[in-house]
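Colleague: A structural model of the following input is requested.
(chains A and B)
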Amino acid sequence: MEATSSISWKAEAKRTLQFLRAELRPRGKIWTPFNLISGAIILTGAIILAFRFFYGLGAVTNLNQDYPWGIWKGFNVVTGVAFAGGAYVLVFLVYVLHQEQYRPIVRVTILNGFLAYVFYAGALLLELGRPWNVINPVIGNSFGFSSVLFLVAWHFMLYMIAQFVEFSPAIAEWLGWKRIHRVLHAMTLGAVVFGISLSILHQSGLGALFLMAKDKIHPLWYSEFIPIQFLVSSVFAGLAMVIFEGTLSKSVFKTRVSPSYHFSHERIVLSLSRICAGAMFVYLFLQTLIFVHGQDWKHLSGFWGAWYGVEIVGFVAVPCVLFTLAYRRRNTSLARWAAVGAMLGIVLNRLNVSLIAYKIGAPVRYVPTWMELVVALSVILAEVWVFRWIVNRLPVLGEAPAWTHAAEEASKEVIPHARPAAVQSNECSVASKEA
Amino acid sequence: MLFDDSSSRASASASGPVKPAAESHGVDRRGFFRTLGVVGAGVALAGETPAAEQLDDPFGVLVDTTQCVGCRTCEKECAKAHGLAVPEGGYRTTTSDQQLSIIQHHESTDPRVDMGVVFVKRQCMHCLQPACASACLTKALYKSPDGPVVWRASKCMGCRYCMVSCPFDMPKAEFDSATPRIMKCDLCADRVAEGKQPVCVESCGASALTFGRRSLLVEEAHKRIAESPEVYVHHIYGEREAGGTSWLYLAATEFDKLGFAQDLERVTYPSLTKEFLYGVPVVLTLVPPLLLAISNATRPAFAPEGGEHGSH
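Modeller: Numbering: from 1, shown residues only, chains lettered A, B, ... in the order given. Model prediction:
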C-alpha cells in the first residue's frame, strides 16, 4: 500500500515537472510591438536600478531633504495599492455576500490584486535606502509597534499570503493537484475574511502614514480623516480598475475567456458602476463634511483652491454622475469612461497628498527625473508581463476544469453539514422515480 | 550655577541604574515569539510609544539667542566630533546630511535686538515624544532614557518615514550614498552617557548654550524672562511645541521671524496617529467574526456549507 502510494507520488512529481517545463515555453508571437517596447523599457529600468544600488538614490532620482518620498512611493505604492482594492471588494461580494453574478471575474481580480501587491511592495524595496535591513521589522529583532508603516508593512505581507491562498485553487487546477485543491479550496473563506480585515486596515493605513505630516500637506488635502478618505476611495478606485482591466482583458485574452465571463461581463460592469457611484457619493459627502468642518473656505481662492476643485469636481463628482448615468441607461462604454475618470481622480488625489500639495513652500519642488518615470513604468509593465503569463496558462478568466465540479459534488456528499440538502435532493429524485 | 548642578546630575545618572541604548535593543526573544503568534496580539501593543521607557526629566539645552555672537565654533566642533567635513563659507539656512548643527544669521529691525542681528543655532530638537521615533518601524530612531534621540545604523532600513513625520525636518538622508545614513544631531549621546556635555555646549564661549535637566532649564528660562522682561519675547520655544522638546530657545524677537515654525501642534506628534493605531486591534478582532456571520447568514437556502464556498 505504502509502496504504491510512493510510486504514484513519484509519478505525479514527474508529471508535474514535465508539465511545468512545457508550460514555461513562451506562447504566441514573441516580437510583437508591445513586447519590444515594454521589453526595452523594462531593460532600461533595470539598468537605472543597477545605478541606483551602486551610487545611491540621489544618482537617479530628484529626491531631496524636503521630498524624501518620490513617485516610486507616491505613485507605485500609495496609488497602486488603492487600485488593487478591487480584490477585497469583489471577494466580499462573492464569498461573504454570495453574489454569484460576480464569480466570473473574482479570480482575475484576486490575481490582479495579488500581483499589484507583489510588485508595489517590490517597488517599496527598490526605494529603501538600506534594503538589507528590511528583515528587521519582519524577524522581530526590532518591532516599531507605534509606527503606522510597521502596520502597513506587516499587513502587506499578510495580505499577500491571504491573496495567494485565495488564488491558490487556480494553481492547483492548473497543475492538476486534486487532493491539494480540496484543502486549498476549504481555506478560501478564512483567507477572504482575514484578507478583507487586513485590507480595511492597510488601505486606511496608507492614509494614516501622512497623519504626522500635518504641517507639510496643504490643509485642503490634510485632515485627521485621511485614513477614512483613503479607505472609502479605495472601494471605487479598485472597482474602476476592475472595469477598466476587464474591458482590456476581454479583448486581449479573447481565447482564454469563458462563455460565462463573456456573457455576464456587460451586466457585471453595470452593477459595478452602481457600486462605484454609491461609493463615490459617500466619498463626496465625506469630503464635504471634512471641508465644512475644517472651515477651509479661506483656502479655496488661488491656485490650490482651483486645483482642489479640479480633483473633487472634475474627477470625483463628474465620474460619479457618469457612473450613475451608465447604469441607468445601461451604457457600458459610458461606464468605462467613468472608470477612467475615477482612476485619474485617484492618481490625482494620492499624488496631491504625497507630493503635489506636499511642502508647497519648499525651496526646490520635487519633479521626478525621466529615470524615475522609466522605473515606475517598468514596475507596471513587469507586472503586466507576469499577469499575461499567468492568464494564458491558469484557469483565471476561463472555467475551472471539470474535475473540480465533480470533487465539489463529492465533498457535498461527505460533509455532514450538507446532509439536509443532500437528503432532500435524494428524496426528490426518489419521488420523481416513483412518479 | 545651573551648569554645575546639571553636570553633577549628569554624572550621577550615568552611573545610576539608567543605562542608555546598547543593551536593551538586542534581539528580544520574548517579543519575537509574542508577535510570531497572532498578529492581533502584536498590533494590540500598537499604542506603546517610545515615551513609555523614558525618564520624566531628560537632558536638554537652553539656547539664549541674545547671547550668541555667531562665532560658529559649535558648528566646527560638532563636525569634528561626528567625523564630518568642517563647514566653510557663509551661514547656512538649514541643516543637511553633512552638517548636523548650524548657526543661522537673521537680520532684524526689532528694537529689542542688539545690533540688528540674531544668530540662531539649529539642530534636532530632541522632542520629548519624537515623531521620528514613533514613525520608525524598526526603532532605529530611538529616544534614549536620558533624552537624546539617536539613530542606529544596524536597524534602519532607510524608508525615510522619519523625514516625512518630523515637524522640524531634522532627519536628513544621504541620498548620494549607496549605504545612506539618517543624519541628525544626536545630542552627543555617548558623551552625555559618560556624564559630559555635548561638544557644542562645551565649546560655546559666549554662554549662549546651557546644558542640564529640562525642568531646570525651563525654570531658568522663565527666570531670565522675568528678570529682563524688556529683553526677551515672553515665550520659550520648545516648552510646548510638538508636545515639548529638549532644546529650548529664548529670543529677543518673535520666533516666526527667526525661522521657527509657529503653527506646530501643542500636543505630541505621535498622538496624531494614536486613534488610528488604537483602531487596529478593534478592526482585527471585530471585523472577521462579523464577516463570517454575514457569510453564514446570507448563504442561499439549501446551499451546502462545505461545497461552493469552502468554509468548513
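
Colleague: burial measure for A:I346, as a count.
Modeller: 27 (other C-beta atoms under 10 Å in any protein chain shown). From N, CA and C alone the C-beta is placed, and that goes for glycine too.

Colleague: Please, which helix or strand holds it?
Modeller: Taking DSSP states H and E as the criterion, A:I346 maps to helix A:332-351.

Colleague: got it, and A:V232?
Modeller: Judged by DSSP H and E, A:V232 forms part of helix A:226-252.

Colleague: Summarise which helices and strands that helix is packed against.
Modeller: helix A:80-83, helix A:86-91, helix A:103-126, helix A:188-208, helix A:259-293, helix A:332-351 (3 or more C-beta pairs under 8 Å, 6 or more residues apart in numbering or on different chains; DSSP states H and E).

Colleague: and of the ones you listed, who's closest to chain B?
Modeller: helix A:188-208 (4.3 Å; C-beta to the nearest C-beta).

Colleague: sorry, back to before: go through the helices and strands packed on helix A:226-252 and name the closest to A:S147.
Modeller: Among these, helix A:188-208 comes nearest to A:S147, with 10.3 Å by C-beta to C-beta.

Colleague: contacting residues for the residue in chain B that chain A sits nearest to?
Modeller: At 2.3 Å from chain A, B:G158 is the closest residue in chain B, using C-beta to the nearest C-beta. The contact partners of B:G158, taken as C-beta atoms under 8 Å, 6 or more residues apart in numbering or on different chains, are A:L128, A:G129, A:R130, A:P131, A:N133, B:A173, B:P180, B:I182.

Colleague: Among the residues you listed, name the buried ones.
Modeller: A:L128, A:G129, A:R130, A:N133, B:A173, B:P180, B:I182 (16 or more other C-beta atoms under 10 Å in any protein chain shown).

Colleague: Format these as JSON lines; extra columns: distance to B:C166.
Modeller: JSON lines is the format used below for these (distance: C-beta to C-beta, whole Å):
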{"residue": "A:L128", "distance to B:C166": "18"}
{"residue": "A:G129", "distance to B:C166": "16"}
{"residue": "A:R130", "distance to B:C166": "18"}
{"residue": "A:N133", "distance to B:C166": "20"}
{"residue": "B:A173", "distance to B:C166": "12"}
{"residue": "B:P180", "distance to B:C166": "16"}
{"residue": "B:I182", "distance to B:C166": "10"}
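
Colleague: which of those lies closest to A:I105?
Modeller: Out of those, the member with the shortest distance to A:I105 (by C-beta to C-beta) is A:L128, at 34.2 Å.

Colleague: hang on, the earlier thing: distance check, the residue of chain B closest to chain A against A:A46.
Modeller: 21 Å (C-beta to C-beta, to the nearest Å).

Colleague: any idea how far A:L175 is from chain B?
Modeller: 18 Å (C-beta to the nearest C-beta, to the nearest Å).

Colleague: Which residue, other than its chain neighbours, is closest to that residue?
Modeller: A:T16 (5.7 Å; C-beta to C-beta, 6 or more residues apart in numbering or on different chains).

Colleague: Contacts for the helix or strand hosting the one you found, please.
Modeller: Taking DSSP H and E as the definition, A:T16 sits inside helix A:2-24. Identification of contacts with helix A:2-24 by C-beta under 8 Å, 6+ apart yields A:L175, A:G176, A:W177, A:R393.

Colleague: Now for the third one: which residues touch it?
Modeller: Contacts for A:W177 (C-beta under 8 Å, 6+ apart) come out as A:T16.

Colleague: Ends of stretch B:130-144, what's the gap?
Modeller: 11 Å (C-alpha to C-alpha, to the nearest Å).

Colleague: So what's the gap between that stretch and the chain middle?
Modeller: 8 Å (C-alpha atoms, centre = their mean, to the nearest Å).

Colleague: Is any residue of that stretch near chain A?
Modeller: Yes - applying C-beta under 8 Å from any C-beta of the partner chain, one finds stretch B:130-144 in contact with chain A at B:A131, B:A133, B:S134, B:A135, B:C136, B:L137, B:T138, B:K139, B:A140.

Colleague: ok, A:V96 - contacts?
Modeller: A:V192, A:V193, A:I196, B:L291, B:I294, B:S295, B:T298.

Colleague: what about it, distance to A:V106?
Modeller: From A:V96 to A:V106 the distance is 12 Å (C-beta to C-beta).

Colleague: now A:V367
Modeller: Applying C-beta to C-beta to A:V367 and A:V106 gives a distance of 40 Å.

Colleague: same deal with A:S251?
Modeller: 20 Å.

Colleague: Check the contacts of helix A:2-24 against chain B and report the nearest one.
Modeller: A:W177 (15.6 Å).

Colleague: Take the residues of stretch B:130-144 next to chain A and keep only those in helices.
Modeller: B:A131, B:A133, B:S134, B:A135 (DSSP state H).
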